[in-house]
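**Q** After the sequence you'll find the predicted model.
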Amino acid sequence: MTEKTKLNPTLKLVLDIGPLVLFFAINAKIGIYAATGVFMVAVLIALAVAYALTRRIEIMPVVTAIVVFIFGGLTLIFHDDLFIKLKPTIIYVLFGGALLGGLLLGKPLLGLVFDSVFNLTEEGWRKLTWRWTFFFFALAIINEIVWRTQTTDFWVSFKLFGVVPLTFAFGALQYPLLTKYNADKKD
């Protein structure tokens, strides 16, 4: 069995956040509709580059791309930014719901996504999955509050300068759990 080809972490970060940075920049210069179109293309390019380099497609970016195309397309077709503002809420609820469903079925799905990155005990995967489940649902609520109470420009900025740092901070805060439940650690 061959080892899966992994992306350089910096390139993976660029592919994950690059479309959002373009969305922010184009929104600031031209507006939400142009930004939505560029975002849709950038997400597709990021998927293609990741596939070209690894010869596999990860599920989370694919689900994100599908939702981006559906809600981005609706935004452009109806010329209504409501759809692109709902997109993050839908993605966060889908991811949180999938993780919750896996937990209820006794299968912490986060282990399938990060199995090549972390080697945790069953309890560790379960606890980490619960934490990310709650985090995704919290992000959904936050997105709803921000887009409903703030301007479109503020919402776009918050996606880049609020949600991205929150996600990195939340991920970093999981380090003690990752260390405590590391299946490779020697007692």
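**A** Looks like it arrived, so ask away. Numbering: from 1, shown residues only.

**Q** buried stuff in the worst-scoring helix or strand of the chain on mean pLDDT?
**A** Lowest by mean pLDDT, DSSP states H and E among the helices and strands of the chain is helix 110-114, with a mean of 77. Under the neighbour-count criterion of 16 or more other CB atoms under 10 Å, helix 110-114 has Leu110, Gly111, Val113, Phe114 buried. From N, CA and C alone the C-beta is placed, and that goes for glycine too.

**Q** Next up, the contacts around the third one.
**A** Listed by CB atoms under 8 Å, 6 or more residues apart in numbering, the contact set of Val113 reads Glu58, Ile59, Met60.

**Q** For the longest helix along the chain, could you pull out the residues that count as buried?
**A** For the chain, the longest helix by residue count, based on DSSP state H, is helix 122-149. Neighbour counts over helix 122-149 (16+ other CB under 10 Å) mark 124-129, 131-133, 135-137, 139-140, 142-143, 146-147 as buried.

**Q** right, and the helix or strand after it?
**A** As assigned by DSSP states H and E, the chain's next helix or strand after helix 122-149 is helix 152-158.

**Q** gap between that following helix and the chain center?
**A** Relative to its chain's centre, helix 152-158 lies at 17 Å (CA atoms, centre = their mean, to the nearest Å).

**Q** Pull the residues that contact that helix.
**A** Phe23, Phe24, Asn27, Ala28, Ile32, Ala35, Asp81, Lys85, Val146, Trp147, Gln150.

**Q** Show the buried residues in these.
**A** Buried subset of the contacts of helix 152-158 (neighbour count, 16+ other CB under 10 Å): Phe23, Phe24, Asn27, Ile32, Ala35, Asp81, Lys85, Val146, Trp147.
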